[in-house]
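[1] Predicted model follows, preceded by the sequence.
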Amino acid sequence: MFDIPLESIIVSLGYLGIFLLMIANGFISFPSSQILYIIVGYFISIGTLALVAASLVGALGNTIGNIILYEFSRRKGISYITQYKMFPQREVKKVEIAFRKKGAWFLFVGKLLPAIKVFVPIPAGLGKMNRTLYAVIIFVSSYIWSLIFIAIGYYFGKSSNVFGSYAVILMIVALVVVALFYKYINSEEIAREIEE
């Protein structure tokens, strides 16, 4: 994909750069938030940036980007998703109902898992999840995410590949969450509501 000089952007724009990059990450999932925050952690370790300010602007930017994606999904609705015939309308409807009923839990956990976090705003929007609840959960989980990777950069440096060591574990956890969500959307509770 595109080669964005994250380090140069952070050096030249500081907190504004982090904010703008994380808006893009929240909406189009690019650039990588893991890499960005590891670089930010390094700059914090050498005293160029402050932890609280960097993590807050990053989480705020990601929240705004995710809200844009949520609103896009909410306004376009099921008909927009199903018109491309990639997903059967019944399956999309099940996801919409599941997020309306138990979306908060899936949203919070999903935002902390690399394989899932980029997608969770879409079913939340389709399910018309409460906007205030959505924004709060996204901000809190985004803030936690920022602290995790800032800590890696702070303690291990900007070229750290520590995340790779835990990728397998995180992927297993992500698969478990996806399996639980899949089981729930195919439960009798959801089936009954579709039939009504």
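    Right, received. Where do you want to start? Numbers count the residues shown, from 1 in each chain.
[2] Tell me who's in contact with the spatially closest residue to Lys117 that is not a sequence neighbour.
    Leaving aside its chain neighbours, Lys117 sits nearest to Lys111 (4.9 Å; criterion: Cβ to Cβ, 6 or more residues apart in numbering). Placement of C-beta: from N, CA and C, glycine included. When contacts are counted by Cβ atoms under 8 Å, 6 or more residues apart in numbering, Lys111 touches 117, 120, 137-138, 141-142, 145.
[3] can we see that at 7 Å?
    The neighbours of Lys111, taking Cβ atoms under 7 Å, 6 or more residues apart in numbering as the test, are 117, 120, 138, 141-142, 145.
[4] Mark which of the residues you listed are buried, thanks.
    Buried members of the contacts of Lys111, scored by 16 or more other Cβ atoms under 10 Å, are 117, 120, 138, 141-142, 145.
[5] pLDDT score assigned to the residue nearest to Lys117?
    Lys111 is assigned 82 on the pLDDT scale.
[6] Same check on Gln89?
    64.
[7] in the chain, which helix has the most residues?
    In the chain, with assignment by DSSP state H, the single longest helix is helix 51-82.
[8] Tell me the buried residues in it?
    Quick answer for helix 51-82 (16+ other Cβ under 10 Å): 51, 54-67, 69-70, 73-74, 81-82.
[9] go on, stretch 23-39?
    In stretch 23-39, counting by 16+ other Cβ under 10 Å, buried: 23-27, 29, 31-39.
[10] where in the chain is pLDDT low?
    1-4, 77-96, 115, 158-174, 177-178, 194-196 (pLDDT under 70).
[11] got the residue ranges for the strands in it?
    With strands called from DSSP state E, the chain shows none.
[12] Can you pull up the most central residue in it?
    Lys117 (3.5 Å; Cα atoms, centre = their mean).
[13] so that residue touches Gly110, yeah?
    Yes - between Lys117 and Gly110 a contact is recorded at 6.1 Å, counting by Cβ atoms under 7 Å.
[14] returning to that earlier point: looking at the contacts of Lys111, spot the one nearest Phe99.
    Relative to Phe99, the closest of those is Val120; by Cβ to Cβ it sits at 8.9 Å.
[15] Tell me, how many residues neighbour the spatially closest residue to that closest one that is not a sequence neighbour?
    The spatial neighbour of Val120 that comes closest, neighbours along the chain excluded (Cβ to Cβ, 6+ apart), is Gly110 at 4.0 Å. Using other Cβ atoms under 10 Å, Gly110 is surrounded by 24 other residues.
[16] mind checking how far Ala54 is from Lys117?
    Taking Cβ to Cβ, to the nearest Å as the measure, Ala54 falls 19 Å from Lys117.
[17] Sorry, slip of the keys, the one I care about is Ile64.
    15 Å.
[18] For this protein, which segments count as helices?
    Going by DSSP H, the chain shows helices at 6-13, 15-28, 33-45, 51-82, 89-110, 121-126, 131-156, 162-185, 188-195.
[19] same for the second one, what does it pack against?
    In terms of contact count using 3 or more Cβ pairs under 7 Å, 6 or more residues apart in numbering; DSSP states H and E, helix 15-28 is assigned the packing partners helix 6-13, helix 33-45, helix 51-82.
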